[in-house]
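Participant: have a look at this fold, sequence not included:
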């Protein structure tokens, strides 16, 4: 064998080994890319789920605000009615009846507030 043949054989061997390691590197990079793409897909799905849940909570909060506003309006209306009755009351029994009405209106207000808070929590946790 002459030195030129040995040089050609060495170069060919070096080329084959280099191609092998280049292919191995590309395969490894390809696997990393596939893994990264699957992780991105999972994160995207998670973000979509959280966005949907956030929208549901925003809707529940808006409904809670409307419910509280309605409860406040009803409570104010009942208070005005009680004040009007109180002014017209002449006897102790009438005043006691009015006091019971006042307590009923306060209890109703508290019950409506509790119900609206419970409804919000149910919707937010679903």
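Facilitator: All right, it came through fine. Note that the structure is a prediction, hence the values are computed from the model and not measured.
Participant: please identify the buried residues of the lowest-mean-pLDDT helix or strand in the chain?
Facilitator: Here the helix or strand of the chain ranked lowest by mean pLDDT, DSSP states H and E is helix 92-125, holding a mean of 79. Neighbour-count burial for helix 92-125 flags 98, 101-102, 105, 109, 112-113, 116, 120 (criterion: 16 or more other C-beta atoms under 10 Å). Using the backbone N, CA and C atoms, a C-beta is placed for each residue, glycine as well.
Participant: distance to residue 22 added to those, as a markdown table?
Facilitator: Shown next, in a markdown table, are the buried residues of helix 92-125 (distance: C-beta to C-beta, whole Å):
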| residue | distance to residue 22 |
| --- | --- |
| 98 | 93 |
| 101 | 89 |
| 102 | 87 |
| 105 | 83 |
| 109 | 77 |
| 112 | 73 |
| 113 | 71 |
| 116 | 67 |
| 120 | 60 |
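Participant: and which of those residues is nearest to residue 6?
Facilitator: Taking C-beta to C-beta as the measure, residue 6 lies nearest residue 120 of the buried residues of helix 92-125, at 83.9 Å.
Participant: what's the closest non-adjacent residue to that closest one?
Facilitator: residue 64 (4.2 Å; C-beta to C-beta, 6 or more residues apart in numbering).
Participant: surely that neighbour meets residue 116?
Facilitator: Yes. Shown here, residue 64 and residue 116 form a contact pair, counting by C-beta atoms under 8 Å, at 5.2 Å.
Participant: alright, calling it a day.
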